[in-house]
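In: Could you look at this predicted model? Sequence included:
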Amino acid sequence: MDRESEAQWVRVRARLREEVGEVEYRSWLRQMVLQEVSGDEVVVALPTRFLRDWVNSHFGDRLRSLWQAENRKVRRVAVIVRAQGAALAEPVDPAAATVPGGANGAAVPATATTPRASAHAGQRLGARAAARAEEAARNGGDPRHDFSAPLDPRLTFDAFVVGKPNEFAFACARRVAEHGPTAGFNPLFLHGGVGLGKTHLLHAIAWRLRERDPGKRVAYMSAESFMYRFIAALRSENAMAFKEQLRAVDVLMVDDVQFLIGKESTQEEFFHTFNALVELGKQVVVSADKSPADLAGLEERLRTRLGCGMVADIHATTFELRVSILQAKTAALGTTVPPKVLEFLAHKITSNVRELEGALNRVVAHAQLVGRPITIESSQEVLRDLLRAHDRRVTIEEIQKRVAEHYNIRLAEMTSARRARMVARPRQVAMFLAKQLTQRSLPEIGRKFGGRDHTTVMHAVSRVTELMQSDLSFAEDVELLRRMLES
Amino acid sequence: MTAARQLAFGFAHAPSLAAADFCRGAANEAALAMIERWPAWPARRLALWGPDGSGKTHLLAIWCARSSARALCPADLARDEAPALIPASGHVALDDADCVLDEPALLHLLNLVSERGGSLLLTAREAPARWGTRLADLRSRLRSITAVALGPPDEALLRAVLTKLFADRQLAVAPPTIDYILRRIDRSLAAARELVARLDRIALARGVQIGAALVREALAREEDGGGEYSVTVSPGEPKLL
């Protein structure tokens, strides 16, 4: 292929990226490869049939006009499926560079609507979240939402931090929220490990749908509450009313359907509801911890139906995404946390977003309680139950060993009767630390130091306390020992 | 021959769980501050953890009184389904939450309390992150809860607790005796509670005042292997002999 075509392709992609926004671009368009330019036809390849169809129907026209702006000869852009094995490695994306100045300067409207958790979005969030909180409070009073569990005002698209692991699921959720069943994703099935944001996306879809069309009956519920309601309806012989209510909604969202496993009659009811709604052209959104194919224990026909729309997964977080989430969350809390601490948290709490946010909440709450700045050390202490499987219990023997090493005396001197200063002082330090770091009684500590009386231990404690006040380097020494023993 | 001894009835004494009777100290400062901060708990959930006798149940009672929360124990979860357990206030406190065996039941309780906009307080001996939870959905929720430890008491707190424990049993004990005890027991609230219970039984059986001599005897008995005073009846199981 000639150099000119390559350069034109780079510009086409950059403009497209600018028009559709980062998330859409990465979800659908990034994998496009320019196959050839011959005469009036440009051939662009994508790895799957689904992507080909999607790009053709949603971006085909834009691709053609952008190409025509670069090369007036182009009449057609053909999107094809790339042959297996071709370009296995992801192509380096030239559009990642800054937009090169177009040769003919065609003005492209900047319509990037990427909903990122930007600082700007954060500012607007306050007022909107308040409005939503109000709505959530009124939820019970609004008959349209009677059937839905209340939505969390914090769980919106604006507040969702997008990164590589979740951008596809985000794009799908966004599309359903904007277009409903006409998006062609019915049902939308979101799956991923626990605490990665499935519930967040479901709530965000519901908020957006209600915002766009307040007349829509959007019902969100967890699979458990679906089950509880169904069972309650059966018990009160109200099953028919329950079914009718369910089938009257415009959008049904059920969270964590894996909890229907083993609940045969509830599954059956869910299956019929599901079919009825989809047939009526109502949107259904479902989440689970596994893909439909992997939900062993769910009825085969239900699994098949769940998987026949759009299935999008959320992958485990990356370090970069975790840092972005922590930054967004910190801003939302209206506080500041040193970047080093955020990196420490992103490095240590890798399991999922829920735990990451929980950890940040704890660190911030603690700092506010004690009125001290947040440091890595204080975070380690506050989160010690998360970071370590057990608390370390310091023993008197360990203290004796460490102190003896530190002052370079024999361990036997800890229990010996010698009263020379060079051994007596370290022994007193060890007794002091034993009193501070263990819960042992004074008589017990005395016994461990060669059968000394508890009054000897008391004397050691007060002597060391005095010395620490008058002798700064001695105090530092003791403090160092304490930290070593506690870590 | 054996001397005639007064038999002690094991009247279960009722420790005061009123907010005014809570002994503050460095060990429970953070936990108490979090209780006082309610409803501003992150995600409306809080877990308090610490050893026996560190004040978890007392803090739980303080919060329940203030929030109209319903206090549950693990047995309640085995008996009823989550929707039947949540009171009108929406708030729930679960004592000994690490003893719940039915993990899905606990998960549903957590979810349903949140769904109804309620707050949840859990107490346990260990931090929720360390319960060895098998159900992944529950584990990640437990690990994300703001968990505050009740640490071992310092001397001032232990002194206050000893004074309160004696007062709960309507025992007059002189400050020097309390100092005497403080110098001789482990720095733990459970140790204080056990010793006070033992002293109460011996003093009651003999009809004597609690002083240094009695403390020495009670501590010696503990060292002999924790042997109970021979004729006493353990508290909580009153028996007419």
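Out: Received the coordinates, thanks.
In: who in chain A is up against chain B?
Out: A:149-150, A:193-195, A:222, A:224-225, A:228, A:232, A:256, A:259, A:289, A:351-352, A:354-355, A:357-359, A:361-362, A:365-366, A:369-370, A:385-386, A:389-390, A:438-444, A:454, A:458 (Cβ under 8 Å from any Cβ of the partner chain). (C-beta placed from N, C-alpha, C; glycine too.)
In: ok, the spatially closest residue to B:D52 that is not a sequence neighbour to A:A239 distance?
Out: Once flanking residues are discounted, B:D52 sits nearest to B:A190: 4.5 Å by Cβ to Cβ, 6 or more residues apart in numbering or on different chains. B:A190 sits 53 Å away from A:A239 when distances are taken as Cβ to Cβ, to the nearest Å.
In: Would you agree B:R70 is in contact with B:L94?
Out: No - counting by Cβ atoms under 8 Å, B:R70 stays clear of B:L94, with 9.5 Å between them.
In: For chain A, give me the ranges with low pLDDT.
Out: Residue ranges of chain A with pLDDT under 70: A:23, A:27, A:49-50, A:83-146.
In: For the residue nearest the centre of it, which residues are in contact?
Out: Closest to where the C-alpha atoms of chain A average out (Cα atoms, centre = their mean) is A:V353, at 3.2 Å. Applying Cβ atoms under 8 Å, 6 or more residues apart in numbering or on different chains to A:V353 gives the contacts A:G195, A:L196, A:G197, A:T317, A:R322, A:I325.
In: 7 Å - rerun?
Out: A:G195, A:L196, A:G197, A:T317, A:I325 (Cβ atoms under 7 Å, 6 or more residues apart in numbering or on different chains).
In: nearest residue to the fourth one other than its sequence neighbours?
Out: Nearest-residue entry for A:T317: A:P165, 5.7 Å, with adjacent residues in sequence omitted and distances by Cβ to Cβ, 6+ apart.
In: show me the contacts for the one you found.
Out: A:P165 neighbours (Cβ under 7 Å, 6+ apart): A:I314, A:H315, A:A316, A:T317, A:T318, A:L321.
In: what about the residue in chain B positioned nearest to chain A, how many neighbours?
Out: Closest residue of chain B to chain A, Cβ to the nearest Cβ: B:S144 (2.8 Å). The tally of other residues near B:S144 (other Cβ atoms under 10 Å in any protein chain shown) stands at 28.
In: my hunch is that A:L252 is in a strand, does that hold up?
Out: Yes - according to DSSP: H, G, I helix; E, B strand; the rest coil, A:L252 belongs to a strand.
In: Domains in the chain, by residue range?
Out: You didn't say which chain, so I picked chain A. Chain A breaks down into these domains under automatic domain parsing: A:3-119, A:167-314, A:319-391, A:396-486.
In: hm, I was asking about chain B
Out: In the recorded assignment (automatic domain parsing), chain B comprises B:28-149, B:155-224.
In: Now mean pLDDT too, for those domains, in CSV please.
Out: Listed next are the domains of chain B as CSV, based on pLDDT from 0 to 100:
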stretch, mean pLDDT
domain B:28-149, 91
domain B:155-224, 86
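In: which of these is buried the deepest?
Out: Among those, domain B:28-149 has the highest mean neighbour count (mean count of other Cβ atoms under 10 Å in any protein chain shown), at a mean of 20.
In: Quick check: the residue in chain A positioned nearest to chain B vs A:L326, distance?
Out: Per Cβ to the nearest Cβ, A:G358 is where chain A lies closest to chain B, at 2.8 Å. The gap separating A:G358 from A:L326 is 12 Å, by Cβ to Cβ.
In: ditto for A:V394
Out: 32 Å.
In: quick one, which of the two is more surrounded?
Out: The residue with more neighbours, out of A:V394 and A:L326, is A:L326; 25 against 17, by other Cβ under 10 Å.
In: quick one: which helix or strand includes that one?
Out: helix A:319-332 (DSSP states H and E).
In: quick revisit: go through the contacts of A:P165 and name the one nearest B:W41.
Out: Set against B:W41, the nearest of those by Cβ to Cβ is A:T317 (24.8 Å).
In: Count residues in the vicinity of that closest one, would you?
Out: Neighbours around A:T317, by other Cβ under 10 Å: 27.
In: Also A:A420?
Out: 9.
In: can you pull the buried residues of the longest helix along chain A?
Out: Criterion DSSP state H: the longest helix present in chain A is helix A:49-70. Residues of helix A:49-70 classed as buried by neighbour count (16 or more other Cβ atoms under 10 Å in any protein chain shown): A:51-52, A:54-56, A:59-60, A:62-64, A:66-70.
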